[in-house]
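Chemist: need coordinates for the below:
(2 chains)
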Amino acid sequence: MDFELPLFLFNKNAGEFYMKSDTAVPVKDMPKTDPRMKLIAAKLKKESFKPDALIEILHTAQNAYGYLPKEVLSYITKALHLPPSRVYSTVTFYHFFSLKSKGEHTCLVCTGTACYVKGAQAILNEIERGLGLKAGQVTADNKLGVQVARCIGACGLAPAVVLDDEVQAKVAPEEIVQKINAKIGTL
Amino acid sequence: MNRQDLKTIIYAEKKKEETNKYKHKICVCCGAGCISSGSEEVMKKLQEEIKTRGLENEVEVIPTGCMGPCNQGPLMKFLPEYNIYQKVDCSNIAAIVQSQLIEKKPIEDLLLFADSREKPFIDARDDPYFKKQLKIALKNCGHINPERIEDYLVHNGYLALDKVLFEMSPEEVIAEVKQSRIRGRGGAGYPAGLKWETVYKYVNDQKYVICNGDEGDPGAFMDRSVLEGNPHRVLEGMAIAGYAIGANKGYAYIRGEYPLAIKRFELAIKQAKKLGLLGNNILGTTFSFDVEVRIGAGAFVCGEETALIASIEGKRGTPRPRPPFPAESGLWGKPTLINNVETFAAISPIINNGGEWYSEIGTPKSAGTKVFALAGKINYAGLIEVPMGTTLREIVFDIGGGIQNGEEFKAAQTGGPSGGCIPAEHLDVKMDYESLVSLGSIMGSGGLIIMDKSSDMVDVARFFMEFCMDESCGKCVPCRVGTRMMHDLLQKICDNKATQIDLDRLEELAVYVKETSLCGLGGSAPNPLLSTLRHFRKEYESRIVQHD
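Modeler: Numbers count the residues shown, from 1 in each chain, chains lettered A, B, ... in the order given. Below is the predicted model of the structure:
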C-alpha cells in the first residue's frame, strides 16, 4: 500500500485503487454470510451486471442497509467492473445515498416551499431545542437521525414530517418532540 | 391479445358497469395525501361497516387516486349522488353509512367544505371548487381504482392506442398532436408536436421515449398525483409517442421520494403487459413497446433532460451542453423524446377527441389545461386543473377559497426555484406561459404557493437560492460559484448587515449567472431573486444599512 484516500487504498504493485473494507471476509464470499448481500447479488443478476444499472443497484443496497457500507460498495464495484471512482462519485452526487448510517429511526422534516411557508423551520428549531439534534445529525446511540427533505410532495398537508415511513400531516412545532418520543420510546 | 379481444374486454366490462349490481359506489381517496391523513384505516372501517350491515352486494368500495382538496382529507365520495365527505374519521363512518345508504340523505355538517362555507353543496359538482375546474389530464383520478386496469378500460382506456395502431400513421399522430398545440408541461413550454416531429425525422434503428417524472420543484406534486391516480393514462401516452416517433423502448424516470407512484406505475406496466397492451406485438400488430421504471436518487438537476439521461445511464446527473439536443442524440446517443408526465397524460384525450378540440381550450398561445399544486397559506390546498388563461384571482379565491385566517394575499410563487413571485396588484394575470414570463415568473411544472404577509420576500429569495446552491451539480462555474455568492449576499441582507453596494453587486451577479450558466438550473436560479427585487424592492431596501 502506498497511500490512502478517505475511501480508497492505492496499491502500487498492482497500480490500482481499492475501496477500503472493514471486514476480513473476502468480497466474493460476502453474499454467503449476509442475507442483505444476497438481495444485492440477486439485483445484480437481474440487471445482468450492466454498469448502467449502477443507480438501481445502489437503491437496493441503500434500502437493505439504510446506508452504503464500504464493503458493499466494494462488492458492487467489482461486480459491475467499474472504477471505484465512478461508483464513489455517483454515490456522493445523489442525496438518496449515504455513506454513514442515518440512525435506526429517522425523522425527516420536509422543507419544501409549502412547508417552509407554513413553518418547517420552527419544527427544526424545536427538534434542536428538545433533542439537541440538528438536521443531518444522529444521536450518539444511533437511535435517531434527523434529516431534511427538499419536498416530499405532500404540500396539501404542510408542514409535513416523515417519522420512519409514516407521514405526519400538519405538524405543530410544539408536538413534534412528543411525536418522536412516542415513536421510538423516550430517548 | 388482438384488437378484437380488447374490444371484447371493454364491452364486457362496460356491460358489467351498466347492469351494475351495485347501487352505490363509495370512492375513498387513496392518494398519498389522504393516506397520510389516515384514509387506509377509513377504508378498512368502511368495508367492515358495510359487511356488518349486509350491504356488500349493493355497495362497491373503490380506492381511488387524488380527488383534489388534499388538506381536507381523508375524502370519501358517494356515487351517483356525488356527495363528498371531508376529514372522515373512523368514528363517524357508521353515521355516514346509516344516513347516506339507509336514510338516503347526506349529513350536511360533514360534507366537503362544510366547516368553511355557509352551506355546503350537496352535489359536489356544484361547488365552485370543482365548477371552475376542467379536468383532462386528471379526468379519471378520483373515480377509478388506479391498481385495476379494467377500471381504466371501462373509461375508454387504451382506445386511443388502439386508434393510432389501426387507423393512423405515425405522421397523422404527430399532425394531431401538433394541431392540439399542446406545449410541454414540464416548465419550458416547448410545443410537444414539434418535438415529436423532430425525433421522428431522425433516422435510427433505435429510439427512446422518456417520461420525466423527476418532479424536483419543492412545492409541486402534480406528477405524483397523476402517476398515483391514473398510471395507465401515462403509459398509454408513452406507447402512443413510441408509435409516432418509431421507438420500441421507454423509460419512466420517477422520483425516489414517491414510493407509491413507483409501485402503482410498475403494477400498471405489469398489467398492461399481461393484456398485451405493452410488450411485443401490441394488439397483434408489428408495433412493440416496452417501458421500464428508473428511480431517481434525489437530485433536482436531473429534471434537466440531459442530466436525466445521464442518470438513466447510471452516471452522475450532470447536464451537458446542447446541441446536440436529445432529439438527435439522447439516451446512449440515440434519438430520444423526453416529455413530462402531465404531457403524456394529455395525449390519449387528444387522440380520442381530436387535436382541434384540445386547441380550443385555453388561450390562443397556450392551449389546453394545466394542473396546479395549490399550497401554502390557502384554505383549500390541493391539486387542481384549470383551462390555461384562468386568472390567478379565480384560482386563489374561487377555487382555493381565499387566504387562511382571512389574511390578505401577498404573493403567489410559481415555477419553484426557477420561477418568481406574483404580487397582489397582478392578481388578475392570466395563467398562461407568456403572461407569467412577462411578470418575471414562469409557468414551471405547476407548483403554486400562496403567501400572506407573514412571508418575508427577502427570505423567500434566500430560501430558493439556498436550494439552488445545494442542488447545483457543480459542473459549470457561474452556477456553482454564483449561487453560493448570491446566497451569501442574500443572507447578509436577511441579517440586516448588507449595504447598497451589496445589493448592487447582487443584481449584477444575478444577470451574469442567468446569462452564462450551462443549463436551466443556473439559468433560472436568479429568477426568484430578480422577481422579488422587481415587485418587492422596498423590502430589500428597508434592510440595507447606510454606509458611513
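
Chemist: spell out which residues of the stretch 301-450 of chain B are next to chain A.
Modeler: Proximity of the stretch 301-450 of chain B to chain A is confined to B:311-318, B:373, B:375-377, B:381-383, B:413, B:416, B:447, B:449 under the rule Cβ under 8 Å from any Cβ of the partner chain. (Each C-beta comes from the backbone N, C-alpha and C, glycine too.)

Chemist: let me see the contact set for the closest residue to A:G153 other than its chain neighbours.
Modeler: Leaving aside its sequence neighbours, A:G153 sits nearest to B:F221 (Cβ to Cβ, 6 or more residues apart in numbering or on different chains; 3.8 Å). Contact analysis of B:F221 by Cβ atoms under 8 Å, 6 or more residues apart in numbering or on different chains lists A:C151, A:G153, A:A154, A:C155, A:G156, B:A32, B:G33, B:E215, B:A373, B:L383.

Chemist: 6 Å instead, please
Modeler: The contact partners of B:F221, taken as Cβ atoms under 6 Å, 6 or more residues apart in numbering or on different chains, are A:G153, A:C155, B:A373.

Chemist: same thing with A:L144?
Modeler: Here A:L144 is in contact with A:G103, A:H105, A:I184 (criterion: Cβ under 6 Å, 6+ apart).

Chemist: least confident of the residues you listed?
Modeler: Lowest-confidence member of these: A:I184, scoring 77 (pLDDT).

Chemist: distance of that residue from chain B?
Modeler: From A:I184 across to chain B, the span is 19 Å (Cβ to the nearest Cβ, to the nearest Å).

Chemist: surely that residue and A:T106 touch.
Modeler: No: the criterion here is Cβ atoms under 6 Å, and A:I184 misses it with A:T106 at 9.9 Å.

Chemist: tell me where chain A has helices.
Modeler: For chain A, the helices defined by DSSP state H cover A:30-33, A:35-46, A:54-65, A:70-80, A:84-93, A:113-117, A:120-131, A:173-184.

Chemist: what comes up buried for the last one?
Modeler: Buried residues in helix A:173-184, counted by 16 or more other Cβ atoms under 10 Å in any protein chain shown: A:P173, A:I176, A:V177, A:K179, A:I180, A:I184.

Chemist: list the contacts of the third one.
Modeler: Read it as A:V177. Per Cβ under 6 Å, 6+ apart, neighbours of A:V177: A:G130.

Chemist: surely B:G362 and B:G368 touch.
Modeler: Yes: with contact defined as Cβ under 6 Å, B:G362 counts as touching B:G368 (5.1 Å).

Chemist: more crowded one of the two?
Modeler: Neighbours around B:G362 and B:G368, counted as other Cβ atoms under 10 Å in any protein chain shown, are more numerous at B:G368. The numbers are 27 against 24.

Chemist: backbone dihedrals for the more buried one, both of them.
Modeler: phi 90, psi -160 (degrees, to the nearest 10).

Chemist: once you drop chain neighbours, what's closest to B:W332?
Modeler: By the measure of Cβ to Cβ, 6+ apart, the closest residue to B:W332 outside its immediate chain neighbours is B:E313, 6.8 Å from it.

Chemist: and for that neighbour, the neighbour number?
Modeler: Neighbours of B:E313 using other Cβ under 10 Å come to 16.

Chemist: what's the answer for B:W196, then?
Modeler: B:W196 - counted by other Cβ under 10 Å - has 25 other residues nearby.

Chemist: let me see the contact set for it.
Modeler: Contacts of B:W196 by Cβ under 6 Å, 6+ apart are B:I174, B:V177, B:A244, B:I245.

Chemist: what's the closest of those residues to chain A?
Modeler: For those, the residue nearest chain A by Cβ to the nearest Cβ is B:I245; the value is 21.9 Å.

Chemist: around chain A, pick out the residues from the stretch 101-250 of chain B.
Modeler: Proximity of the stretch 101-250 of chain B to chain A, by Cβ under 6 Å from any Cβ of the partner chain, involves residues B:P218, B:G219, B:F221, B:R224.

Chemist: how many neighbours does the second one have?
Modeler: Meaning B:G219. 31.

Chemist: quick check: it vs B:G157, distance?
Modeler: 31 Å (Cβ to Cβ, to the nearest Å).

Chemist: try the third one
Modeler: As defined by Cβ to Cβ, B:F221 lies at a distance of 23 Å from B:G157.

Chemist: wait, A:L82 touches A:D52, no?
Modeler: No: counting by Cβ under 6 Å, A:D52 is not a contact partner of A:L82; they are 10.2 Å apart.

Chemist: ok, and what's touching stretch B:91-103?
Modeler: Contacts of stretch B:91-103 (Cβ under 6 Å, 6+ apart): B:K45, B:L46, B:E49, B:F78, B:Y85, B:P106, B:I107.

Chemist: in helices only, show me the residues of the stretch 101-250 of chain B next to chain A.
Modeler: Among these, the ones falling in helices (DSSP H) are B:R224.

Chemist: and what about B:C211, helix, strand or coil?
Modeler: With DSSP: H, G, I helix; E, B strand; the rest coil as the basis, B:C211 sits in strand.

Chemist: next, count neighbours for it.
Modeler: Neighbour tally, B:C211, other Cβ under 10 Å: 29.

Chemist: wait, isn't it in contact with B:A247?
Modeler: No: B:C211 lies out of contact with B:A247 (Cβ under 6 Å); the separation is 11.9 Å.

Chemist: domain ranges for chain A?
Modeler: A:3-93, A:105-184 (automatic domain parsing).

Chemist: mind checking the end-to-end distance for the shortest one?
Modeler: Domain A:105-184 has an end-to-end distance of 7 Å (Cα to Cα, to the nearest Å).

Chemist: for chain A, what lies in contact range of chain B?
Modeler: Residues of chain A lying near chain B (Cβ under 6 Å from any Cβ): A:52, A:54-55, A:59, A:89-90, A:93-96, A:112-114, A:116-117, A:150-157, A:167, A:169.

Chemist: who touches B:G38 in this structure?
Modeler: Applying Cβ under 6 Å, 6+ apart to B:G38 gives the contacts B:P74.
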